[in-house]
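*Asks:* model the following, please.
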Amino acid sequence: MTTATDTATTPKVPEVPLPKCRVCGHEAHWLGDHLAEVHGISVDEYLEKFPGSPTASQRLVDAFNDEGKNVRRSLPPADTDLRVDIAGFPVPVNPDVAEDACLPLPPAYRFPKNGDLSVDITEAAISILRGRHVYIHGLPGTGKDALIHAVSYMLRRPCLIKQVTPTTDVEAWLYVRSFDEKGTRYETHELFHAITEGYKCPRTGRTLPYVILITDVDRGTKSQLEFLRLLLDSISGRVQGPGGKVYPVFPGTQFVFTANTSGGGDTRGRMVSANVIDGSILDRFERKFQFHWMEWDDEEPIVKSKFPLLYERCPSAFTQVGKATASLRDAIHKEKLYAEFSHRAVCSWLGHMEDIVAMTGKVPKDLVKRGARAFLDGMPDEHTRLEAERLIDPHIKGGVVGTERDSTGASSDPLGGFK
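*Replies:* Model (predicted):
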């Protein structure tokens with residue numbers, strides 16, 4: 001015998017849509033953390049771009065405003081407990097270091113999770129976080145300097161950056177000699193004090209070592225780079241000061257050098273100002289790493305964040321550019337295309353598309369094709385340009401090939417074929 005029991009039917013709670021990120025489409029009860037972690041922007045910056053856009057769900061707002069609930073709140077972590085994830089490693093932060101003593105964070109920076117570059121950055125991060133002297137080389141736009149910027153900014157590590165050119169007076173980085181009525185005198189500069197004295201935290205008074213980033217080191221001449229011998233000495237780092245006096249390097253001071261070549265000179269014929277670095281100097285770098293280009297799975301969220309208007313109005317453009325990017329970089333890697341196609345080139349392409357949309361208020365059918373001109377016109381010669389067009393043509397809606405040019409290589413129409 002079965003006894004029927006009356007049960008009250010539970011009313012179905014209507015589903016309320018979650019706020020959606022206008023940059024990438026991500027949905028969550030609260031978008032603030034997502035905006036900071038993925039796109040590198042605050043809620044205020046997001047609302048400046050997208051006024052009135054919801055950032056919190058109604059359910060979350062109601063729960064927050066419900067005074068009848070017992071809300072448990074925890075204290076913020078102590079300074080000594082602050083940690084930031086760097087390429088998968090939780091690392092302590094220096095909260096007493098002023099922001100202006102660190103390098104700025106690159107726009108929309110994120111650590112790659114796919115392909116060769118994710119491995120490159122993981123291995124390099126291990127050495128950097130352990131305080132090793134590191135030499136990083138790779139093609140333009142592979143994120144060599146960006147990694148050091150991110151580490152400095154996110155961990156509040158004091159850092160100075162210097163760029164080497166064939167005419168750089170390296171000695172002037174440290175000190176200069178001047179004359180007055182009293183005779184010869186020397187003035188020491190910021191880099192000399194950073195290397196020999198470290199950074200004194202204004203709030204706590206403790207002294208921390210600097211990270212010194214020297215970029216384009218393979219552009220230096222043999223005589224310019226001789227100063228590295230003492231700095232990278234494996235016994236005790238030293239730096240030569242005014243009058244030839246040698247000073248000890250502040251303990252823990254770290255040197256990171258970036259370059260486009262491995263130190264053996266330019267083998268591709270594209271980095272013509274790169275020089276050969278003395279082998280005995282290269283041997284003094286504790287770690288050496290080569291960086292590769294980013295996979296599109298990692299690059300796409302970055303460029304979507306950089307160009308929100310384009311993503312909102314023409315999201316399919318990113319798929320087309322992504323496929324074209326893979327084709328171009330594969331040809332460059334196999335040395336079938338004599339050119340570069342870095343992250344900067346991708347931003348040039350997408351950026352020009354967003355400019356067109358912003359200025360005209362429209363999304364023309366040939367938008368991707370018109371945007372391509374921003375980098376195609378920078379190809380080294382007509383043959384290379386035509387080869388680049390051939391490579392990206394299958395991936396662009398409507399194609400890019402077909403513009404007739406005269407004998408000088410100029411297009412027959414005022415827009416160079418990109419109407």
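*Asks:* low-confidence stretches in the stretch 101-250 of the chain?
*Replies:* Residues of the stretch 101-250 of the chain that meet the criterion pLDDT under 70 lie in 180-181, 183, 234-235.
*Asks:* so where do the strands sit in it?
*Replies:* For the stretch 101-250 of the chain, the strands defined by DSSP state E, counting those that start in this stretch occupy 134-138, 159-163, 175-180, 183-188, 199-200, 207-208, 211-215, 238-240, 246-248.
*Asks:* skip the chain neighbours and tell me the closest residue to the residue most central in space within the chain.
*Replies:* By C-alpha atoms, centre = their mean, the chain has its centre lying nearest to A146, at 3.8 Å. Counting by C-beta to C-beta, 6 or more residues apart in numbering, A146 lies nearest to P106, which is 4.6 Å off, once chain neighbours are set aside. C-beta: built from backbone N, CA, C; applies to glycine.
*Asks:* can you name the residues that contact the one you found?
*Replies:* Neighbouring residues of P106 by C-beta atoms under 8 Å, 6 or more residues apart in numbering: A146, H149, A150.
*Asks:* I'd say the first one and R110 touch.
*Replies:* No. Counting by C-beta atoms under 8 Å, no contact exists between A146 and R110, whose distance comes to 10.2 Å.
*Asks:* now for those two: what residues contact both?
*Replies:* Common neighbours of A146 and R110, using C-beta under 8 Å, 6+ apart, do not exist here.
*Asks:* what lies in contact with stretch 282-289?
*Replies:* Stretch 282-289 is contacted by residues 120, 123-124, 127, 132-137, 228-229, 232-234, 257, 262-263 when judged by C-beta under 8 Å, 6+ apart.
*Asks:* go again with 7 Å.
*Replies:* Applying C-beta atoms under 7 Å, 6 or more residues apart in numbering, the external contacts of stretch 282-289 come out as 120, 123-124, 127, 132-136, 228, 232, 234, 257, 263.
*Asks:* now the terminal residues of that stretch, how far apart.
*Replies:* 12 Å (C-alpha to C-alpha, to the nearest Å).
*Asks:* with stretch 187-200 instead?
*Replies:* 21 Å.
*Asks:* so who does the closest residue in space to V401 that isn't next to it in sequence touch?
*Replies:* Spatially, and ignoring its direct neighbours in sequence, V401 is nearest to D393 (4.5 Å; C-beta to C-beta, 6+ apart). D393 is in contact with G399, V400, V401, counting by C-beta under 7 Å, 6+ apart.
*Asks:* contacts only, for the second one.
*Replies:* By C-beta under 7 Å, 6+ apart, the contact list for V400 reads K369, A372, E389, I392, D393.
*Asks:* change it to 10 Å
*Replies:* 324, 366, 368-370, 372-373, 376, 388-394, 417-418 (C-beta atoms under 10 Å, 6 or more residues apart in numbering).
*Asks:* out of those residues, which sit inside helices?
*Replies:* Under the assignment DSSP state H, the contacts of V400 contribute A324, V368, K369, R370, A372, R373, L376, A388, E389, R390, L391, I392 to helices.
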